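> I'll drop the sequence and a predicted model, then ask my questions.
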Amino acid sequence: MNIPKQYLPIFILIIFITTKLSQADQNNNSPVPNDPSSTNSLFPGGKITVEIINDLGNQLTLLYHCKSKDDDLGNRTLQSGESWSFRFGRQFFGRTLYFCNFDWPNESHSFDIYKDHRDSSGDNWCEKCVWKIRKTGPCRFNDGTKQFDICYPWNKSLY
């Protein structure tokens, strides 16, 4: 690609901004907030927070591994009722995707924990996306009903 010299600083700035916005910040085992709908962002389009809560019940430990194309958040565990969260900036062109593998005894599932076109527009958009991981599938907090009633099936297995 041949870029005229007068546009080179703008091109470099755009690359820098999009790279920085797509990098995730992690918070290890942060406590479950009293009101999952509360957010610290001052404006829409700021940093997105994804929180995962182990709601498997029966004192089952949840093993999980979340990542995006650019960020691997590592292998982690949550005891029953515990939570963990991470923050990131959406990609400039709205193609942000974070996916997780979830495991507990005799079960293994995957799910797209943040999918830009699902979670950043429409009636069910979220800036703080709080998920309860249940045996039947993940359920997200609904700001309208104040319940975890936005539920999805697990991703289909590729095997």
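Noted; the coordinates are in hand.
> Please verify my assumption that Phe88 contacts Asp71.
Yes - counting by Cβ atoms under 8 Å, Asp71 is a contact partner of Phe88 at 7.2 Å. From N, CA and C alone the C-beta is placed, and that goes for glycine too.
> The two: which has the busier surroundings?
Phe88 (22 against 16; other Cβ atoms under 10 Å).
> Please tell me the pLDDT value assigned to that one.
At Phe88, the model reports a pLDDT of 92.
> Then Asp119?
pLDDT, Asp119: 90.
> give me phi/psi at Asp71?
Asp71 adopts backbone torsions of phi -120, psi 120, taken as degrees, to the nearest 10.
> ugh, typo on my part, it should be Val50
Dihedral angles (degrees, to the nearest 10) for Val50: phi -120, psi 130.
> low pLDDT regions in this protein?
1-4, 8, 10-45, 92-93, 158-159 (pLDDT under 70).
> Please enumerate the helices of it.
8-21, 116-119 (DSSP state H).
> For stretch 106-125, which outside residues touch it?
Here stretch 106-125 makes contact (Cβ atoms under 8 Å, 6 or more residues apart in numbering) with 48, 50, 52, 66, 88, 90-91, 94-103, 126, 129, 131, 135, 137-138, 140, 142, 144, 150, 152, 154-155, 157.
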